[in-house]
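In: Quick one: sequence and predicted model below, then my questions.
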Amino acid sequence: MSAMDRARRAKELVANKNSMIYLDLKDIIKDHALPFLPAKSLFRFNGVCKDWKVQIRSPFFAHKQSTSFSDISGFFLVSSPSTVPSFVSLDSTAYGVPDPSLKFLPEPVDIRASSNGLLCCQGREGYKAYYICNPVTKQWKKLPKPIADHGRDPALVLIFEPSLLSFVAEYKLVCVFPSVDFEKGHEFEIYSSKEGSWRISGEIYYGSGSVSPRSGVYANDVVYWHTSLGRILAFDLKMERAQLLYSHGYFDSVMGEMDGKLCSTRAHGNAVTVSVLSNAYTNTMQMHSSVKAWAQKLSVNLNPAPVPSAPGSRGCLLHASGNLPRGALVASWRSYCLMLPLCKPEEETLVVIVGYVWN
């Protein structure tokens, strides 16, 4: 073999090695980086190459991406009950939905609840059917008519927890409603996508006061609602038992989920304070017990203040959570919203949404 042939062969080997490195890197990106990208970015990457297009459109990839990408992308805003929803993106270049007004549904709807990218909407016509939809893929399902009358403004909580071990998107919808058979009683109706039907729980909560719609929060197999008397109604989904808890002590606080636990957030002046439910059974303990129901988790001073002090304005927290899912629901009357990321070194990030209502 001549010196020229040896040189040519050496160049071919180097080129082949570089090609293998490129292919390995391409496969690494395809298999291990793409699942962590938001849906809007993935739609753009459909045109990179045929392999990426096939990968992105695979149902197995869609399942993996639903459990890998967990950053908040934005929130839905409903300015009044009669208007169509809109989507406020935190980064319009990376996040978005193809139809923010949800016109792909068969009728105009109101958003009632959300969970990990799924929305629970209620129609405005007929018996006001419930719809579960994915605003990114525009897939939707109309739920059967509930057994009980949930009222004009139902207190709903949607529960959807994606898992790598399950390829079926299973979810539950829980509604607490005033009982027509038991005075001052509240009952619970549960829809399960696995069963495909509604059922009314045998548990009945007795107590004065009403349950606040759009206040429901799910954390660690328990659903919580604010009540009109300032207490918290808790419903354990596994045991199907209800109890009344002491709230954080303020009517202007908002519930959320932080580190798998129920949290209560309050804005007062320049301060935003977050407390976590550390013991749900303090109401059963002896008097003068040193055990506290709530433990302060975080306190941050903001400048300017999160709650406006201008004449004719009234501020209230609409949502606060440390583990915010994709697509948070925000619904308020004549308001605009501000999202504030609050964090301390070596602590998880808290996201707070503040609404400003002008009288």
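Out: Arrived safely.
In: From what I see, residue 142 and residue 127 are in contact.
Out: No. Look at residue 142 against residue 127 with CB atoms under 8 Å: they stay out of range, at 11.4 Å. To be clear about C-beta, it is placed using only N, CA and C from the backbone, and glycine gets the same treatment.
In: Pick out whichever of those two has more residues nearby.
Out: Neighbour tally, residue 142 and residue 127, criterion other CB atoms under 10 Å: the higher count belongs to residue 142, 14 against 9.
In: where do the strands sit along the stretch 1-150 of the chain?
Out: For the stretch 1-150 of the chain, the strands defined by DSSP state E, counting those that start in this stretch cover 74-78, 86-89, 109-115, 118-123, 130-134, 139-142.
In: closest to residue 189 out of those strands?
Out: strand 130-134 (11.1 Å; CB to CB).
In: thinking again about what came up before, could you dump the strands of the stretch 1-150 of the chain to a markdown table with distance to residue 25 and mean pLDDT?
Out: Shown next, in a markdown table, are the strands of the stretch 1-150 of the chain (distance: least, CB to CB, whole Å; pLDDT from 0 to 100):
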| stretch | distance to residue 25 | mean pLDDT |
| --- | --- | --- |
| strand 74-78 | 31 | 78 |
| strand 86-89 | 30 | 81 |
| strand 109-115 | 36 | 91 |
| strand 118-123 | 35 | 93 |
| strand 130-134 | 32 | 94 |
| strand 139-142 | 34 | 94 |
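In: how about JSON lines for these, with distance to residue 239 added?
Out: Shown next, in JSON lines, are those (distance: least, CB to CB, whole Å):
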{"stretch": "strand 74-78", "distance to residue 239": "32"}
{"stretch": "strand 86-89", "distance to residue 239": "37"}
{"stretch": "strand 109-115", "distance to residue 239": "21"}
{"stretch": "strand 118-123", "distance to residue 239": "24"}
{"stretch": "strand 130-134", "distance to residue 239": "25"}
{"stretch": "strand 139-142", "distance to residue 239": "28"}
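In: Of all those strands, which one is nearest residue 41?
Out: Closest approach to residue 41 among the strands of the stretch 1-150 of the chain (CB to CB): strand 86-89, 12.3 Å.
In: give me the number of residues near residue 41?
Out: For residue 41, using other CB under 10 Å, the count is 16.
In: How many residues are close by the nearest residue to it once chain neighbours are set aside?
Out: Nearest residue to residue 41, sequence neighbours excluded (CB to CB, 6 or more residues apart in numbering): residue 94, at 5.5 Å. By the criterion of other CB under 10 Å, residue 94 has 15 neighbours.
In: and what of residue 265?
Out: By other CB under 10 Å, 26 other residues sit near residue 265.
In: Surely it and residue 274 touch.
Out: Yes. With contact defined as CB under 8 Å, residue 265 counts as touching residue 274 (4.9 Å).
In: what's around residue 103, how many residues?
Out: 13.
In: Check what pLDDT the closest residue to it other than its chain neighbours gets.
Out: Excluding the flanking residues, the one nearest residue 103 by CB to CB, 6+ apart is residue 84, at 7.5 Å. pLDDT, residue 84: 83.
In: ok now do residue 84, which residues does it touch?
Out: The neighbourhood of residue 84, defined by CB atoms under 8 Å, 6 or more residues apart in numbering, consists of 101, 102, 103, 108.
In: Which of these are buried, as a PyMOL select command?
Out: This is how PyMOL selects the buried members of these, with burial counted by 16 or more other CB atoms under 10 Å:
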select buried, resi 102+108
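In: Name the nearest of the contacts of residue 84 relative to residue 256.
Out: Closest approach between those and residue 256, by CB to CB: residue 102, at 24.1 Å.
In: OK, contacts around that closest one?
Out: Residue 102 neighbours (CB under 8 Å, 6+ apart): 84, 85, 109, 111, 119, 121, 133, 135.
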